[in-house]
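Novice: Sequence below, structure please.
(one chain, ligands or ions: 1)
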Amino acid sequence: MILDGKAVSEKRLELLKEKIEESGLYPRLATVIVGDDPASQMYVRMKHRACERVGIGSIGIELPADASNERVLEAVARLNNDPDINGILVQLPLPAGVDARRVIDAISPDKDVDGFHPCNIGRLFSGDPLFAPCTPQGIMTILEEYHIPTAGEHAVVIGRSIDVGRPMAALLLNADATVTICHSKTRDLKGEARRADILVSAVGKARFVGPDMVKEGATVIDVGINHDEDGKLCGDLDFEAVKDLAGAITPVPGGVGPMTIATLMENTFKAARLRACSSITAR
Ligand code: GUN
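Specialist: Next comes the predicted model:
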């Protein structure tokens, strides 16, 4: 079974559009981009387009590649204090001269729709998430939409990044899976992967996961966005070699990618609802 992330994201965006209309709220997302990396600019444009589609207002702050830490922090502080802004997304990676950790730590946790602030990571790991990072949360949505059970299943996550591997493991654990996190120092990576009922690869290496790493019938999720030696877009999986072995599999493109943006929209609406609730309580 091919897990069609594009179709799931379309469905979720339509549903969200209706929910936003019914709510009478006008959520607003601010994006911050530092420098002129074309891939980052394209991702941010896609995020703004998705906002427009579902009825979320968006503003984009663009800073030059040589912007100082202070300048980026100042932009974040302004957005934190702006009552009209519900969600803040600082596009990563940031240029080498900007301290990404300081910038992320400066985002108000209740506007942190990326879910990267330590408060939100901590809440996620304590089993009480507010905003979970969009890519792993989007993967959980795919699993739910296709009724793929997680409770008691053995999930193996390859990669320990703060934006995917770690929060993915926490989300799967919160959904009652037995979770193993693998990384570059894992002794028997292939053996660990082969034990997975649900295998999530977030490595960033073209065709890293071959048939010798996949148990028959496993659900295999590909987070990689890579280019092979011919410059062709591909994921972490050797898709052709693995697809008949897997019970369910995400393609690249059209798998996990579209879910990241759909989840960002859902998180932004959540931030707007939370703010609306808190302003009613405060009155
Ligand atoms: N760069 C690549 N993916 C992401 C993401 O999900 N959020 C942010 N802020 N930057 C990214």
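Novice: going forward, measure contacts between C-alpha atoms and count neighbours the same way
Specialist: Noted.
Novice: Three-state assignment for the residue of the stretch 151-283 of the chain found nearest the ligand, please.
Specialist: The ligand sits closest to residue 260 of the stretch 151-283 of the chain, with a gap of 6.5 Å, by C-alpha to the nearest ligand atom. For residue 260, the assignment made with DSSP: H, G, I helix; E, B strand; the rest coil gives helix.
Novice: give me the number of residues near it?
Specialist: 22 (other C-alpha atoms under 10 Å).
Novice: Residue 58 sits in which helix or strand?
Specialist: Per DSSP states H and E: residue 58 is located in strand 57-63.
Novice: And for residue 75?
Specialist: helix 69-81.
Novice: for that helix, the distance to its chain's centre please.
Specialist: 23 Å (C-alpha atoms, centre = their mean, to the nearest Å).
Novice: List the buried residues for that helix?
Specialist: 72-73, 76, 79-80 (16 or more other C-alpha atoms under 10 Å).
Novice: ok, back up a step: what pairs with the strand holding residue 58, parallel or antiparallel?
Specialist: Partners of strand 57-63 in the sheet, by DSSP bridges, are strand 28-34 (parallel).
Novice: about what we covered before: quick one: what helix or strand has the residue nearest to the residue of the stretch 151-283 of the chain closest to the ligand when sequence neighbours are not counted in it?
Specialist: Spatially, and ignoring its direct neighbours in sequence, residue 260 is nearest to residue 135 (4.6 Å; C-alpha to C-alpha, 6 or more residues apart in numbering). When elements are assigned from DSSP H and E, residue 135 belongs to helix 134-145.
Novice: ok, then the element right after that helix?
Specialist: strand 154-158.
Novice: Flag every residue of the stretch 51-200 of the chain that's near the ligand.
Specialist: 89-93, 114, 134 (C-alpha under 6 Å from any ligand atom).
Novice: Between those, identify the one with the most neighbours.
Specialist: residue 134 (27 neighbours).
Novice: can you pull the contacts of it?
Specialist: 114-115, 259-261, 263-264 (C-alpha atoms under 8 Å, 6 or more residues apart in numbering).
Novice: Test my guess that the residue nearest to residue 260 contacts residue 258.
Specialist: No. Using C-alpha atoms under 8 Å, residue 135 is not in contact with residue 258; the gap is 9.1 Å.
Novice: These two - which one has more neighbours?
Specialist: residue 135 (25 against 20).
Novice: circling back to that earlier point, with pLDDT and secondary structure as extra columns, can I get the residues of the stretch 51-200 of the chain next to the ligand in TSV?
Specialist: Below are these laid out as TSV (pLDDT from 0 to 100; DSSP: H, G, I helix; E, B strand; the rest coil):
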residue	pLDDT	secondary structure
89	98	strand
90	98	strand
91	98	coil
92	97	coil
93	96	coil
114	98	coil
134	98	helix
